[in-house]
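> here you go, sequence then predicted model.
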Amino acid sequence: MDLADTDEEREFRARLREWLAAVLPGLPAKPGPDDWPGRRAYDTAWQRMLYDVGYAGLHWPVDAGGRGATPTQHLIFLEETERAGAPYVGANFVGLLHAGPTIAAEGTAGQRARWLPPVLRGDEIWCQGFSEPEAGSDLASLRTRAVRDGDHYVVTGQKIWTSHAEVADWCELLVRTDPAAPKHRGISWLAMRMDAPGVTVRPLRTLAGSTEFAEMFLDEVRVPVSHRVGAENDGWRVTMVTLSFERGTAFVGEVVACRRTLSALAAEVRRSGRWDDPVLRRTLGRLNAEFRALWRLTQWNVAEAQRSGGVPGTGGSVFKLRYSQARQELYDAAAEVLGADGADLDREWVLDRLTSLSYTIAAGTSQIQQNIVAERILGLPKGR
Amino acid sequence: MDLADTDEEREFRARLREWLAAVLPGLPAKPGPDDWPGRRAYDTAWQRMLYDVGYAGLHWPVDAGGRGATPTQHLIFLEETERAGAPYVGANFVGLLHAGPTIAAEGTAGQRARWLPPVLRGDEIWCQGFSEPEAGSDLASLRTRAVRDGDHYVVTGQKIWTSHAEVADWCELLVRTDPAAPKHRGISWLAMRMDAPGVTVRPLRTLAGSTEFAEMFLDEVRVPVSHRVGAENDGWRVTMVTLSFERGTAFVGEVVACRRTLSALAAEVRRSGRWDDPVLRRTLGRLNAEFRALWRLTQWNVAEAQRSGGVPGTGGSVFKLRYSQARQELYDAAAEVLGADGADLDREWVLDRLTSLSYTIAAGTSQIQQNIVAERILGLPKGR
Amino acid sequence: MDFQLSDDQRALRAGMRELLTGRFGRDRMRAALDAGVAVDRGMWGELGAAGFFALRLAEADGGVGLGLPESVLLFEEAGRVLLPGPLAATHLAAGAVGAVKGAADGGAVVAVLDEGRPVAHLEAADALIALGPVRPGGVARVLEGDVLRELVRTARPVRSLDPLTPLHRVTAGVEDGVPLPGATPLRLEGALLAAAEQLGSAARTTEMAVQHAREREQFGSPIGAFQAVKHLCAQMLVRAEVARTAVYAAAVTADPAEIAGAKLLADEAAVHNARDCLQVHGGMGFTWEADVHLHLKRAWLRAGEWLRAAEAEEALAADLCRVHACDAGDL
Amino acid sequence: MDFQLSDDQRALRAGMRELLTGRFGRDRMRAALDAGVAVDRGMWGELGAAGFFALRLAEADGGVGLGLPESVLLFEEAGRVLLPGPLAATHLAAGAVGAVKGAADGGAVVAVLDEGRPVAHLEAADALIALGPVRPGGVARVLEGDVLRELVRTARPVRSLDPLTPLHRVTAGVEDGVPLPGATPLRLEGALLAAAEQLGSAARTTEMAVQHAREREQFGSPIGAFQAVKHLCAQMLVRAEVARTAVYAAAVTADPAEIAGAKLLADEAAVHNARDCLQVHGGMGFTWEADVHLHLKRAWLRAGEWLRAAEAEEALAADLCRVHACDAGDL
């Protein structure tokens, strides 16, 4: 068991720090949360900067245009960029972490050549059309239909929880191509242009008041058959490759950020003269244990993935169950620290408390995650 | 909404207090926990005292030899006896609270005349043979078989969690009389003499080290058919009458005792000089809210039963879910209060902490209770 | 003892539910939300006409002459439908005879100033009750007219977590204003009324979760058939019912420790149930269109008002130190 | 970074598991329980021969020359099988060169005296380590010979909650005895070793619950098919795995705050998992014959040893006050 950087990792970290220190001060101001074109421009410009110095697609395979970095190097990259306050992956998220890796793993040579380089350069933005209002936790019960018409699919249906839909060029879309097959067997994966006729995007307001997500209505949208990745009706398997990526290092930056928040909360408590309240103090102390452990669990999962050749283990569900709860406890503690200011949306942490509520729901509810842990890791019987 | 005693209730309470104050000082010393004959003698002597002054079978119907008291009077009786430190129902428990009410409700005139008066007088002790090792939460899957042989049943099987088996005269027994019927439809209720040939009792040691329960092995025990209460194969329905009694006022004395314990814990914290620890203080304060509310919930359920003519409502499951958890939290708090003495079995509360662990399991686990609340009160669908 | 609602109490509750269903149904609530108007003077007047504020004012003084238990039933109904506005403060002002003109009949809106906390509904308020400190015997005061206008002028608006509860930061202290006659335990009564609203919210989110669990199908059956969902709903009911008996009993006894317990448990029930309701609703619960977030935000706000968890727990701890607390016959 | 067990570490762990399975399987454990003999000198010697105590003693001094991570793996195995005796104290005594003769090879039994707490395994002890106060820099001492004998003579036996951990109350203070050379952070290392035992117990009760859930049938299927049971088991695994990474990382870094966090989370995992294991077992879990109560009782005891929750939380809170804690590169 070793937590120290290897020589190579130390070198990688040092160079990255140096580069970040040099370029971050020159970045323009961050656009506002509702300025979608501005956010796209900001996020893609950052991606282009990463591309130009060779950090783009760090964890992608070399033959897909990536750097073939180890999971640990990827971890270091995410850790250092978060600690330096660098921009997030933002609008590039789906392209870099879902659609891109899927195309890299399952696409034809032509598909890889067409779609991967623009993702790495920040030239094209992808969004995700998986979730549907009626499907929810039962993702595979999706109903959006694709009917073959010559060399096109004609797609009709409704998608939800699509981030960056307003500014995306492409959508990775799950559609039902065989309504008669068992639900997991009749799904196909398509790349759909967002400017195709029949695509309507409507912002979806969340309880936090923001429009971070959208609904997407598809009315006889024509998608070329050549834009299907993987075999027809094999889309569920194709997608699972993508989803396991999501659970690998998706929360690295957030755990680092949570630890920073925790220190800031302690500082705020001292500043406000309430450090002599042991209830508050011990609550923060407990959360310190929690987030230290979550950071170590991240490192453990990454090291495991590294040993197994990059395949994320089942540790992702264990991590997500605990992290989603710990994050909610962190912002409950923040509300305690804020006291009378806890209802002021302009105070730091108040909005985060609201968004933290989605963590036990999004990307597999805690109930679904517990089923996964119980059935796939512990081997308990299915059903009931 | 009224929490005050009516004139009649005030009178009842005053007389009871007066009598308790007069007789309790003259009681002999309590026997040790493993002195079963001594415990039987002590408990039945107390029952006889209650009988002689008219408190025996307070909540039983008058035509069964009881006093036909209201649920509120029964509540007052349980509250006042607990507060005065009077003996518990003890060995008389099954007779007075399970078997007796079942016979009163479902027995023939002859059965009532034979079995009820000795219960009220403390002359005969009953135990309960319902649970089986393989049945557990699925009580109705019991396997102990009764085969008809002329005017007898021949009973073979195994029972578990039988309290007072060593000193009981009778056992209320659930047996399977029709193995081919659906599980709830093939059960009968029998009164079995504990000295019948073929009955073997073996003490069962609990994690608290005590032998409060026993296993009972039945090897071709002959039980007269005339000792069956209710119709053959109708024993499940007959039993449910009994079980609903159990959930009515079963915990009144305990809630009163928990509130006393909480006050004693606060006194101990002050005595040991740790009252300036707000974590401990607030923990006790929160438990004060909890047990005050549980007392009010008891009163609410009793008042509801009184209005509905004595039938306990579904509030019993709500109460048991919360109380079993609160009781465990109370003794966790006690362990905090005891600190270094928390591992000393001779200190008050340490053994209680162990026995409190059974509360989320016995008489329907919390998981089963939540099913009951969800399905019977909230109307959520069965299954899965 | 008859710790159940009387027929009159049931009728009172049914009447208020009917009034609110007609006057502040979901469409109206959503319209108020979109318009950003929390206190509707017309509705305030109708509440006044229905006796919502004057409920405990003596009949001789033009009130309804009922007690805390009846108030609690009305506030529970208000909590169910997320009725906005400083209901408890106006109700309390109406009870203290002549304290604020027009409070009893719904002609005046009375808000609360609790030192160090933001003031809810300040701009709509015709008067403010400034609460004394948490300790017993603290004197409450009334701020009106010029004092109030100056306070409003210097107040700083706060972007409120709860869209139907506008908030302002004020600089005035509780020493300003006219002392309220008598030593009315305003803070305790306010805490109890807020607890009743929390109870109503906790009961309502339980119903919402159960309804959704019955209707929403996933994996081939209603999600309410899955134990995970079933048990979330069961625990919601337990929380609501335990809070209910605590609130009702505190209304009957008006005992300070009992009120503290009621506020503590009702706050927990409202917050926790809203969260579980959100969890049962899944992604749909995370949208602005679902009402569950409004219950959660209001519950969070109310938990910070009148008597907070730390204060309630301390009061309940102190209560344990009364000699022979359990033998004093008040069990 | 390679935060995974090395092949050597796996082999070490496998060897210890094999030794304990053969030497202290369930039958032996139950026999020790029935006989009331917690420390078996023969087994102690075998543990010594296997390097359990001398693991971290330098090879030059006759030890194995390994580090805290390896110790933690052995103690995890000990925790799995409920191995009784003052394992951590003897291990620590063996590491401090010459502190207690015979500790390294299992010839001596060394127990712990922590002021104000009962002493475990006093009668079996050849020496006592008296821990200094919780604050850093506290000096630990060794009590042997006449000092120890006088202490044993005046000790009062305590009827112990954990039947395999006899307890005594002693009157001596930590000022007696010979100061230990160096400022070895004994309390922290003891806390970490105890945390490793808790981790082993938490992992074991998870396995016990899962096994029971697979085998026990109710309502026509294994109870592990019901979500209520399934989710209890899933949360047990989460607790054990989070504690595992916390304990392993603390062993690698030996950072005081990290050790405090590891003890806190491992204590919680052991106690909570034992309780959930009991719940999954239902009535059978409440019997003396089931092992689950032994895990719970030991877990409760260990949670009170070396570093308790309140102390750990305070240490972790203080850690947050270090300037730029998150930017110091030790994340």
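Sure, I can see it. Just so it is clear, the structure is predicted and the values come from calculations on it, not from any experiment.
> and the stretch 151-300 of chain C, which residues reach chain B?
Contact residues, the stretch 151-300 of chain C versus chain B (C-beta under 8 Å from any C-beta of the partner chain): C:206, C:210, C:213-214, C:221-222, C:224-227, C:229-231, C:233-235, C:237-238, C:241-246, C:248-249, C:251-253, C:257-258, C:260-262, C:264-265. For glycine as for every other residue, the C-beta is placed from the backbone atoms N, C-alpha and C.
> filter those residues down to the ones in strands?
Taking DSSP state E, the ones among those that sit in strands are C:221-222.
> near chain D too, which of the residues of the stretch 151-300 of chain C next to chain B?
With C-beta under 8 Å from any C-beta as the criterion, these include C:226-227, C:231 near chain D.
> turn those into a markdown table, including neighbour count, distance to residue D:283 and pLDDT.
A markdown table is the format used below for those (neighbours: other C-beta atoms under 10 Å in any protein chain shown; distance: C-beta to C-beta, whole Å; pLDDT from 0 to 100):
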| residue | neighbour count | distance to residue D:283 | pLDDT |
| --- | --- | --- | --- |
| C:226 | 25 | 26 | 96 |
| C:227 | 23 | 20 | 96 |
| C:231 | 21 | 20 | 98 |
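> check the burial of residue A:264 by counting its neighbours.
A count of nearby residues for residue A:264, using other C-beta atoms under 10 Å in any protein chain shown, gives 16.
> contacts for stretch C:13-27, please.
With contacts defined as C-beta atoms under 8 Å, 6 or more residues apart in numbering or on different chains, stretch C:13-27 is touched by C:5, C:43, C:46-47, C:50, C:52, C:73-74, C:76-78, C:80-81, C:83, C:291.
> can you give me the helices in chain C?
Remark: helices assigned in chain C by DSSP state H are C:7-23, C:26-35, C:41-49, C:68-80, C:87-95, C:145-153, C:186-215, C:227-253, C:256-281, C:292-303, C:309-320.
> now residue A:17: how far from residue A:258?
21 Å (C-beta to C-beta, to the nearest Å).
> got it, and residue C:56?
Distance from residue C:56 to residue A:258, by C-beta to C-beta: 48 Å.
> any stretches of the stretch 201-331 of chain C with poor pLDDT?
Counting by pLDDT under 70, the ranges of the stretch 201-331 of chain C that qualify are C:323-331.
> can you name the residue of it nearest chain A?
Nearest residue of the stretch 201-331 of chain C to chain A, counting by C-beta to the nearest C-beta: residue C:293, 3.5 Å away.
> closest point of the stretch 201-331 of chain C to chain D, which residue?
Counting by C-beta to the nearest C-beta, the stretch 201-331 of chain C gets nearest to chain D through residue C:227 (3.9 Å).
> residues contacting residue A:266?
A:284, D:317, D:320-321.
> hmm, residue B:370 and residue C:235 touching each other?
Yes: look at residue C:235 against residue B:370 with C-beta atoms under 8 Å: they come within range, at 7.0 Å.
> list residues touching both of these two?
Counting by C-beta under 8 Å, 6+ apart, the residues touching both residue C:235 and residue B:370 are residue B:321.
> now the phi/psi pair for residue A:282, please.
When read as degrees, to the nearest 10, the backbone of residue A:282 gives phi -70, psi -30.
> residues near it, how many?
Residues lying near residue A:282 (other C-beta under 10 Å) number 19.
> where do the strands of chain A begin and end?
Counting by DSSP E, chain A has strands at residues A:126-129, A:145-149, A:152-163, A:170-176, A:187-193, A:199-204, A:213-224, A:228-229.
> export those to CSV and tack on mean pLDDT, mean neighbour count and distance to chain D?
Shown next, in CSV, are the strands of chain A (pLDDT from 0 to 100; neighbours: other C-beta atoms under 10 Å in any protein chain shown; distance: least, C-beta to the nearest C-beta, whole Å):
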stretch, mean pLDDT, mean neighbour count, distance to chain D
strand A:126-129, 96, 28, 27
strand A:145-149, 98, 16, 32
strand A:152-163, 97, 21, 25
strand A:170-176, 98, 26, 26
strand A:187-193, 98, 24, 26
strand A:199-204, 96, 16, 30
strand A:213-224, 97, 20, 28
strand A:228-229, 98, 23, 33
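> now for the ones you listed, which one comes closest to residue A:238?
Closest approach to residue A:238 among the strands of chain A is made by strand A:187-193 (4.6 Å; C-beta to C-beta).
> which parts of chain C sit against chain D?
Selection of chain C residues close to chain D by C-beta under 8 Å from any C-beta yields C:226-228, C:231.
> residues in contact with the closest residue to residue A:289 other than its chain neighbours?
Counting by C-beta to C-beta, 6 or more residues apart in numbering or on different chains, residue A:289 lies nearest to residue D:261, which is 3.4 Å off, once chain neighbours are set aside. By C-beta under 8 Å, 6+ apart, the contact list for residue D:261 reads A:288-290, A:292-293, D:246, D:250, D:312, D:316.
> perfect, that will be all.
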